[in-house]
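# Sequence and predicted structure, then a few things I'm wondering about:
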Amino acid sequence: MASPGKKANGWTPKQPMVSIKDLHKSFGDLEVLKGVSLEVMKGECICIIGPSGSGKSTLIRCVNALNDIQKGSIKVEGLEVNDPNLDKLELRKKVGMVFQQYNLFPHKTAIENIMMAPITVLKQDKDEVAKHAKSLVRKVRLEGKEDSYPGELSGGQQQRVAIARALAMNPDVMLFDEVTAALDPETVKEVLVTIQELAEEGMTCILVTHEMGFAKEVADHIYFTDRGVIVEHGPPKTFFKKAKDPRTKEFLSQIL
Amino acid sequence: MELFGDFFKQLYDTSGWNFVIFYDQVEWDRFIAAIWTTIKLIIACLIFSVVVGFAGAWAQGAKSRIIRYGMAGYIQFFRNTPPFVQILFFYFVLGNLTPSYDAGGYQEAYIGSFGWAVISLGFFAGAFNTEIFRSGIEAVPESTVEAASSLGYTRLQSYIYVVFPLAFRVCLPALNNNLVNLLKTTTLAYGIAVPEMMYTANQIWSDNVNVPEMMIVLFLFYVGLVAILVWVMHRWEKSMKIPGYG
């Protein structure tokens, strides 16, 4: 949970919780992000949309330092991610992440998946963690599935375990990397509902998604990326109806 | 027991097949002692080699180039030289360089022949185990490791709690093979006079001139031991099977 007031590094909740400035990221000679800037306030839910290969996933993977960056700055609650002496644990306590392929630990049951990190990484008391995990299981509506292994769960159920697993660390920001892209249409909804509830409770969320309907309904702000830059952004109402850039228009005409 | 002994005594008197260990108390005691020494030797070597493999596979992925090159050198050395030469080297060369204590008029080394056999065979099989575990580690998807690091796991924590448990399951069949080989290779401890089964069998046939009989005993003994090891490993493999995975 975000502690109120000023932090040691000078960050206050009135400043953007995540602030990205002029971010450049290359894989070898291939420049994937060419100067991206965006800001997310506490409690905001933003969606990043755009064609495949436009750098959306790379962008959010940079936020929790799964990818290193070449130039620019990413600050999470004032913590500079592009700092060679970055305390990665400090960052990852603040940032939870959910992946397209769920990436659960297949040798652990659902409840163990949720409980492992708080016990191993945060060294929290086992009983406390168990209590918290139980409430998270209820939150993602997986009562009765606690002792199932990931291989015994459907894609949508696995993804909800993955969300609960990330929430068990009490993050301040949640990153969702195309979390419904691997699901069949019926199960997409159960995952989206879970995320929507989170957003409504005030969790700061950054989503990379292809679910335009969801983005329209839940997002406070939408960013459209193409070829490594943010082409256009705005609140959903203006973004979907009054897109100005031809690239945005073309993209939207293809998917809407 | 008496009936059992009588049978083999009778067999010797009528056919000349001399299974002396089954009717002579002194040889029987030697045989039983050898069984225990062999089992202790095997268990110690198995455990030590798996620990070496666990640590070695971790070290192979280390950031430090020195550690990685050191591991590569270790594996090359133990894989490319005969285990019998290794045992003799450990016992006669390293054994002379390690500390000893005064045992009443003569110097007794802290590490005896049993200890050196465990160390050299453990490192020998450990080199293979390292490679076996590495193959398992490479089969663990990078995305699973990323999930662990995004939850704040350090590299070591993710190795212990996520990567190794998954890798271990993948490479168990290969590990089984290597451990069976190790079990049989413990007979080389004969070379530095560890009183295990091979060494004792040799002593017994030297005293009784019954080489074919003791050879039969040796073969049956190792067939039985390997069968037990394989059975245990299969049970273990089964018990670790994850529902809905692999």
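Here it is on my side, so go on.
# What's the mean pLDDT across the one helix or strand residue A:32 maps to?
Element membership for residue A:32 (DSSP states H and E) is strand A:30-40. Here strand A:30-40 scores 93 as its mean pLDDT.
# One more: stretch B:234-242?
Looking at stretch B:234-242 alone, the average pLDDT works out to 91.
# ditto for stretch B:59-77
Averaging pLDDT residue by residue across stretch B:59-77 gives 93.
# Alpha carbons only: can I get that stretch in CSV?
Provided in CSV are the C-alpha atoms of stretch B:59-77 (Å, rounded to 0.1, in the frame of the first residue of the first chain):
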residue,chain,number,x,y,z
ALA,B,59,27.7,-21.4,-10.9
GLN,B,60,27.6,-22.0,-14.7
GLY,B,61,25.1,-19.1,-15.0
ALA,B,62,27.1,-16.8,-12.7
LYS,B,63,27.8,-13.2,-13.8
SER,B,64,31.5,-13.5,-13.0
ARG,B,65,33.6,-14.8,-15.9
ILE,B,66,36.1,-16.3,-13.5
ILE,B,67,33.5,-18.5,-11.9
ARG,B,68,32.1,-19.6,-15.3
TYR,B,69,35.6,-20.4,-16.7
GLY,B,70,36.4,-22.2,-13.5
MET,B,71,33.3,-24.4,-13.9
ALA,B,72,34.1,-25.1,-17.6
GLY,B,73,37.6,-26.2,-16.5
TYR,B,74,36.3,-28.4,-13.7
ILE,B,75,33.9,-30.1,-16.1
GLN,B,76,36.5,-30.6,-18.8
PHE,B,77,39.0,-32.1,-16.3
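# May I ask you to name the longest helix in the chain?
Reading this off chain A. Of all segments of type helix in chain A, defined using DSSP state H, the longest is helix A:185-200.
# if you could check chain B rather than the one you did, that'd help
Assignment by DSSP H gives helix B:25-60 as the longest helix of chain B.
# Are there helices or strands packed against that helix, and which ones?
Contacting helix B:25-60 under the criterion 3 or more Cβ pairs under 8 Å, 6 or more residues apart in numbering or on different chains; DSSP states H and E are the following elements: helix B:65-80, helix B:113-138, helix B:164-185, helix B:197-208, helix B:211-239. In this view, the C-beta of every residue, glycine as well, is placed from N, C-alpha and C.
# Most tightly packed of those?
The highest average neighbour count among the helices and strands packed on helix B:25-60, using mean count of other Cβ atoms under 10 Å in any protein chain shown, belongs to helix B:113-138 at a mean of 22.
# mind checking which helix or strand of the chain has the lowest mean pLDDT?
As the question left the chain open, I've gone with chain A. helix A:246-255 (a mean of 87; mean pLDDT, DSSP states H and E).
# wait, I meant chain B there
The least trusted helix or strand in chain B, going by mean pLDDT, DSSP H and E, turns out to be strand B:107-109, with a mean of 80.
# just checking, what packs against that one?
Using 3+ Cβ pairs under 8 Å, 6+ apart, the elements in contact with strand B:107-109 are strand B:100-102.
# The strand it packs on pairs with which strands, parallel or anti?
Listed by DSSP bridges, the sheet partners of strand B:100-102 and their directions read strand B:107-109 (antiparallel).
# what's the closest of the helices and strands packed on helix B:25-60 to chain A?
Closest approach to chain A among the helices and strands packed on helix B:25-60 is made by helix B:164-185 (5.2 Å; Cβ to the nearest Cβ).
# what's that closest one in contact with?
Under the contact criterion Cβ atoms under 8 Å, 6 or more residues apart in numbering or on different chains, helix B:164-185 has outside partners A:105-107, B:42, B:45-46, B:49-50, B:53-54, B:57, B:83, B:121, B:124-125, B:128-129, B:132-133, B:135-137, B:139-140, B:144, B:222, B:225-226, B:229-230, B:233, B:236-237, B:240-242, B:246.
# Which stretches in the stretch 151-256 of chain A count as helices?
A:155-167, A:185-200, A:212-218, A:236-241, A:246-255 (DSSP state H, counting those that start in this stretch).
# list the buried ones in the second one?
So that's helix A:185-200. Under the neighbour-count criterion of 16 or more other Cβ atoms under 10 Å in any protein chain shown, helix A:185-200 has A:187-188, A:190-192, A:194-196, A:198-199 buried.
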